[in-house]
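Colleague: Here is the input, now give the coordinates:
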Amino acid sequence: MFPQNRNLFLLMVLAFLLLAASLVPTRQIAATWKAGQNPAADNCANVMTEKISCESKGGYSYTFTVTNNSGGDVQQILLTPPSGSALTLSQQVFNLSPALHNTQSTTLTVNIGNVSPGTKVCFFVTLMSNERPCCTIKVCPDLPNCCATTSVASIRCGANGSYTLVLSIVNTTSNPIQNIYLSAPAGVTMTPSYFAVSLAAGATFQTPPITITGAHPGQLCIHITLHTADMKECCSVDQCIRLPDCDIAQTCANGICCARAPVYEHSTFTGQKIAAATSWNQKPTDAALTVFDLSGANSFNLGTSGTPNNAPPVYNGPASSKWTMENFGSIFGVAIDHLGNIYVTASSAYSNDSFPQGPGRIYKIMNGTGAITNFNFVPLPNSSAAPALGNISFDCARKQFFVTDEEDGKIYRLDMNGTVVGTYDHGTPDNGAAGFAPLGERLWAVKVFDNRIYYSVWKEDCGRKDPNANNEIWSVGLTLTGNFDPSDVRKEITVPDLAGATFSHPVADISFSRDGKMLLSERTMISDTAPSAHESRVLEYACTPSGWALTSAFTGSPYKYNVGVGAFGGACTVPTATKPSNAAGGNDYDYDVAATFKVWATGDALQFNPKFIYGLQGFPLTGGTVTNSALIDLDGIIDGSVNVKTQIGDVAISCPPGESVY
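Modeller: Numbers count the residues shown, from 1 in each chain. Sure, this is the predicted structure:
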């Protein structure tokens, strides 16, 4: 019978197979997603843990990378705790724009809360697509047993490829910690790597500088163990840091000027280019801030003329708010913002400093009225005596200010309202005690340039020579939001010793030119607050791919810009080869392309014959001496009195009208 009906039999078998096939679902990723099966078998997505760290207030920060292997675009990623779980996630919906294409990855960070330390937790990661059904996978990171939270206080480049690291460690256990050990990967050495502490529960320990050798730029992970007394109990955490590339070639940029020339009511100052200079005077009614009219500077007399002193129009404030010692006290640092307001800092830069409103005061002189207002008060332990503030700089791009504090060695970041919105500490943390920050951690000059903060470190002076240290210029980077980036710090310049001497004086002011040169002015100091004269320079550096380099010296003299005259002796009696070196600590570039005198500096002993001139010296950009410079006596008294010696301060030049980046 079968042979006779073979064809019919074969047709029946084929029909049965087709019917059976129609009753079994085709193996498709979409069906798998709907069914909620383990997608790892189908590789619709992949999750890789990047970092798990303990949060100071409990919980964990979890960073992970999600890779889309679905074959389609993903517009949304959902995170979901298991049903009935108490686990919390700080964010559960991530909208992706643009969409995450097939094989592409994205990195997400969430805070995981309400979990027990050291346990294994799980949650679901779901990829949502407009083209396909959802893909869900289960993620189960292993949470560390948190006993401390750690952070990087600072990381800096050192000599010969080394790094200097400062860590902040918070004890989050309930036990007092007395021993802390650090260990690094093979080939990397950390010195010191052990700290004997007495760290109570909840307390913070900031390490002294740790030298790292044998490491390379990029990520470095350090294992930290904390132990109780007699090593009875211990726990550990890991801290990963990013080591900067210290060999990156110096990038060069142009300077930006946005210091608007002020206008003062009932005066001849209607917006012309000005110089704002600070000083100290003996009488309470004498001026501590003077604004000079520089609009006619191209026709100023030279220092070799019969009348070397120039006396342009000046302004010292309105009658109701005079810019005097009784209203300001001792002020040194000066800056001008994009609106024409002037800012000055209470400073301990003179022999007889006074602070009527405290040493942490920053004053704002209003454009238009000239009225003195209180911009900010940086809190200092002593409300009436030194130390005080250093210098101040305006950040045109982000409309904020930076000011140095000689008491705690920090740079303060302030917004346009004078509110402190950030700080940066160059050295070891301040212990809160009153008094000057130690040499090597004391800062003075500060200037914003090319998205960095340049500042001077006062390491030695005439009264405290250090054969093993030089004064220095450092810089710290700024983030996109304008805050300090402590991972991006570098030493820019080691200030050379005075010619024939074994020391230099601290840099009190930094300026940058239109073409990106850096100008430094030293101030002769014999102690924390006592200035002297005749031993400080104005030095200019050019930006090169390998770093900052001194510009060529002026023919026949030690420096390109030679401040003042004569080979007068100072407090330290430096060799004649250093002369003339009468800088008083202030400088600025004039951005006016038509200006004859494009570099201005404050100085002592600018002229002795026929009269005494102490004040401002304006140089041609190419450099020179008093023979080709413009001289301005600061107080206008050139009758032979030298009472203003060492009492000259800082200077700021406004932008030429119409050229400022307001």
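Colleague: Flag the shaky bits of the stretch 201-350 of the chain, pLDDT-wise.
Modeller: Low-confidence segments of the stretch 201-350 of the chain (pLDDT under 70): 247-251.
Colleague: Tell me who's in contact with residue 280.
Modeller: Listed by C-beta atoms under 8 Å, 6 or more residues apart in numbering, the contact set of residue 280 reads 288, 325, 330, 349, 350, 351, 352, 353, 647, 649. For every residue, glycine as well, the C-beta is placed using N, CA and C.
Colleague: rerun at 7 Å
Modeller: Taking C-beta atoms under 7 Å, 6 or more residues apart in numbering, we find residue 280 in contact with 288, 330, 350, 647.
Colleague: between the residues you listed, which is closest to residue 199?
Modeller: For these, the minimum distance to residue 199 (C-beta to C-beta) is 41.0 Å, reached by residue 330.
Colleague: Give me the nearest residue to the closest one, chain neighbours excluded.
Modeller: The shortest distance from residue 330 to any non-neighbouring residue, by C-beta to C-beta, 6 or more residues apart in numbering, is to residue 353 (4.0 Å).
Colleague: Give me the secondary structure label for residue 601.
Modeller: strand (DSSP: H, G, I helix; E, B strand; the rest coil).
Colleague: Which residue ranges of the stretch 201-350 of the chain form helices?
Modeller: Using DSSP state H, counting those that start in this stretch, the helices found in the stretch 201-350 of the chain span residues 325-328.
Colleague: I'd guessed residue 527 sits against residue 439; true?
Modeller: No. Residue 527 lies out of contact with residue 439 (C-beta atoms under 7 Å); the separation is 11.1 Å.
Colleague: between those two, who's got more neighbours?
Modeller: Between residue 527 and residue 439, counting by other C-beta atoms under 10 Å, residue 439 is the more crowded of the two (17 against 14).
Colleague: OK, contacts around the residue nearest to residue 330?
Modeller: Contacts for residue 353 (C-beta under 7 Å, 6+ apart) come out as 330, 386, 388, 529.
Colleague: Just the closest of those residues to residue 599, please.
Modeller: Out of the contacts of residue 353, the member with the shortest distance to residue 599 (by C-beta to C-beta) is residue 330, at 26.1 Å.
Colleague: Would you mind measuring from residue 238 to residue 186?
Modeller: Shown here: residue 238 relative to residue 186, a distance of 16 Å by C-beta to C-beta, to the nearest Å.
Colleague: sorry, back to before: from the contacts of residue 353, which land in strands?
Modeller: Among those, none falls in strands (DSSP state E).
Colleague: and those as a markdown table, adding distance to residue 447?
Modeller: Converted to a markdown table, these look like this (distance: C-beta to C-beta, whole Å):
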| residue | distance to residue 447 |
| --- | --- |
| 330 | 21 |
| 386 | 23 |
| 388 | 19 |
| 529 | 23 |
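Colleague: pLDDT check: weakest of those residues?
Modeller: Scanning the contacts of residue 353 for pLDDT, the smallest score is found at residue 386, 80.
Colleague: What number of neighbouring residues does that residue come out with?
Modeller: By other C-beta under 10 Å, neighbour count at residue 386 equals 23.
Colleague: Not counting sequence-adjacent ones, nearest residue to it?
Modeller: Spatial nearest neighbour of residue 386, chain neighbours left out: residue 348 (3.6 Å); criterion: C-beta to C-beta, 6+ apart.
Colleague: Just to check, residue 183 is in contact with residue 220?
Modeller: No. Taking C-beta under 7 Å as the definition, residue 183 is not a contact partner of residue 220, at 11.8 Å.
Colleague: Comparing these two, which shows the higher neighbour count?
Modeller: Applying other C-beta under 10 Å to residue 183 and residue 220 shows that residue 220 carries more neighbours, namely 20 against 12.
Colleague: Would you mind naming the residues that bridge with the more buried one?
Modeller: residue 241 (DSSP bridges).
Colleague: Next: residue 237.
Modeller: Counting by DSSP bridges, residue 237 forms beta bridges with residue 224.
Colleague: all strands for the stretch 451-600 of the chain, in order.
Modeller: Here the stretch 451-600 of the chain has its strands, by DSSP state E, counting those that start in this stretch, at 452-458, 472-478, 484-494, 507-512, 518-522, 538-544, 547-550, 583-589, 599-607.
Colleague: same question, the stretch 101-250 of the chain
Modeller: 105-113, 123-128, 135-139, 148-157, 163-171, 177-183, 189-191, 194-199, 204-206, 210-213, 218-227, 234-243.
Colleague: Present those strands as CSV; the columns should include distance to residue 592.
Modeller: What follows is the strands of the stretch 101-250 of the chain, written out as CSV (distance: least, C-beta to C-beta, whole Å):
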stretch, distance to residue 592
strand 105-113, 49
strand 123-128, 60
strand 135-139, 63
strand 148-157, 37
strand 163-171, 42
strand 177-183, 55
strand 189-191, 52
strand 194-199, 55
strand 204-206, 47
strand 210-213, 47
strand 218-227, 46
strand 234-243, 42
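Colleague: Which among these is found nearest to residue 262?
Modeller: Set against residue 262 and scored by C-beta to C-beta, the strands of the stretch 101-250 of the chain come closest in strand 148-157, at 38.0 Å.
Colleague: The closest one relative to strand 472-478, how many degrees between them?
Modeller: Here strand 148-157 runs at an angle of 130 degrees relative to strand 472-478 (axes from the mean of the first three to the mean of the last three C-alpha atoms, to 10 degrees).
Colleague: Could you check the angle strand 148-157 makes with strand 234-243?
Modeller: Using the same axes, to 10 degrees: strand 148-157 against strand 234-243 is 30 degrees.
Colleague: what does strand 148-157 contact?
Modeller: By C-beta under 7 Å, 6+ apart, the residues outside strand 148-157 that reach it are 54-56, 163-172, 206, 224, 226, 237, 239, 241, 243-244, 246, 486-487, 489-490.
Colleague: where are the low-confidence patches of the stretch 1-150 of the chain?
Modeller: 1-42, 56-58, 117-119, 145.
Colleague: mind listing the helices for it?
Modeller: Secondary structure of the stretch 1-150 of the chain, counting by DSSP H, counting those that start in this stretch: helices at 6-22, 29-35.
Colleague: Same drill for residue 238 and residue 186, tell me which one is more crowded.
Modeller: residue 238 (14 against 5).
Colleague: Tell me who's in contact with the more buried one.
Modeller: With contact set as C-beta under 7 Å, 6+ apart, residue 238 has these partners: 221, 222, 223.
Colleague: Residue 311 is nearest to which of the strands of the stretch 451-600 of the chain?
Modeller: Of all the strands of the stretch 451-600 of the chain, strand 599-607 comes closest under C-beta to C-beta, at 13.3 Å.
Colleague: could you dump whichever helix or strand comes after that closest one to CSV, C-alpha only?
Modeller: Following strand 599-607 in sequence order, the next helix or strand is strand 613-619 (DSSP states H and E). Extracted C-alpha coordinates of strand 613-619, given in CSV (Å, rounded to 0.1, in the frame of the first residue of the first chain):
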residue,chain,number,x,y,z
ILE,A,613,61.0,111.1,42.0
TYR,A,614,59.4,108.0,43.5
GLY,A,615,56.4,106.6,41.7
LEU,A,616,55.7,105.3,38.2
GLN,A,617,58.1,104.5,35.3
GLY,A,618,56.8,104.0,31.8
PHE,A,619,59.0,102.0,29.4
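Colleague: Please consider this matter closed, and thank you.
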